[in-house]
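**Q** could you work out the structure for the sequence below:
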Amino acid sequence: MKVVEITAPGGPDVLQLAERPIPQPGPGEVRIRVKAAGVARADTLQRQGKYPPPKGASEIPGLDVAGVIDSLGAAVAGFRIGDRVCAILTGGGYAEYCIAPAQQVLPVPDNWTSVEAATLPENLFTAYDNLITRAGLQRNEIGRAHV
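**A** Have a look, this model is predicted:
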């Protein structure tokens, strides 16, 4: 498969096409045939050499993708081959195929393009983490004034 590699820290000119084997999903993972990938701030920082991939993550940049599931790992429930999805990754999205943990995968809204869907994961998961996980927002609190 084709991937985009970072050949050295620097500007966009350090990105280069390369060939890699198609990855295989493990238990609880899905493989996505990528149709669109987002360009997150972390991708830009990684390209500049200022954001190393997390331990065990792909060195291929790309944290947000949209595409179609083409393979399921063992114990994946709620998704089928052919589902249009988007996902947040620890890396590996700048490729024809990527692997994502099923819990980091979302269905693509019917009226969204793949390009639009690739913008959803980072923004949605960030908002959810900040509002629900960290701030503890509860049902019916939106719109209430707090003094």
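
**Q** and the longest helix along the chain, what other elements does it pack with?
**A** Scanning the chain for the helix with the most residues, using DSSP state H, yields helix 120-128. Contacting helix 120-128 under the criterion 3 or more CB pairs under 8 Å, 6 or more residues apart in numbering; DSSP states H and E are the following elements: strand 64-72, strand 84-88, strand 105-107. All C-beta spots, glycine's among them, are computed from the backbone N, C-alpha and C.

**Q** out of those, deepest packed?
**A** Stretch with highest mean neighbour count among those: strand 84-88 (a mean of 24; mean count of other CB atoms under 10 Å).

**Q** that one relative to helix 120-128, how many degrees between them?
**A** Put simply, strand 84-88 runs at 50 degrees to helix 120-128, going by axes from the mean of the first three to the mean of the last three CA atoms, to 10 degrees.

**Q** from the chain's centroid, how far away is the helix-or-strand element of the chain with minimal mean pLDDT?
**A** Lowest mean confidence among the helices and strands of the chain (mean pLDDT, DSSP states H and E): helix 120-128, at a mean of 85. Here the centre of helix 120-128 is set off from its chain's centre by 11 Å, with CA atoms, centre = their mean, to the nearest Å.

**Q** what are the buried residues along it?
**A** Across helix 120-128, burial judged by 16 or more other CB atoms under 10 Å covers Leu120, Pro121, Glu122, Phe125.

**Q** alpha carbons only: can I get the longest helix of the chain in CSV?
**A** Output of helix 120-128 as CSV, limited to C-alpha atoms (Å, rounded to 0.1, in the frame of the first residue of the first chain):
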residue,chain,number,x,y,z
LEU,A,120,-15.1,14.9,13.0
PRO,A,121,-13.0,12.6,15.3
GLU,A,122,-10.5,14.9,16.7
ASN,A,123,-13.0,17.7,17.3
LEU,A,124,-15.7,15.4,18.7
PHE,A,125,-13.5,13.4,21.0
THR,A,126,-11.8,16.6,22.3
ALA,A,127,-15.1,18.2,23.0
TYR,A,128,-16.4,15.0,24.7
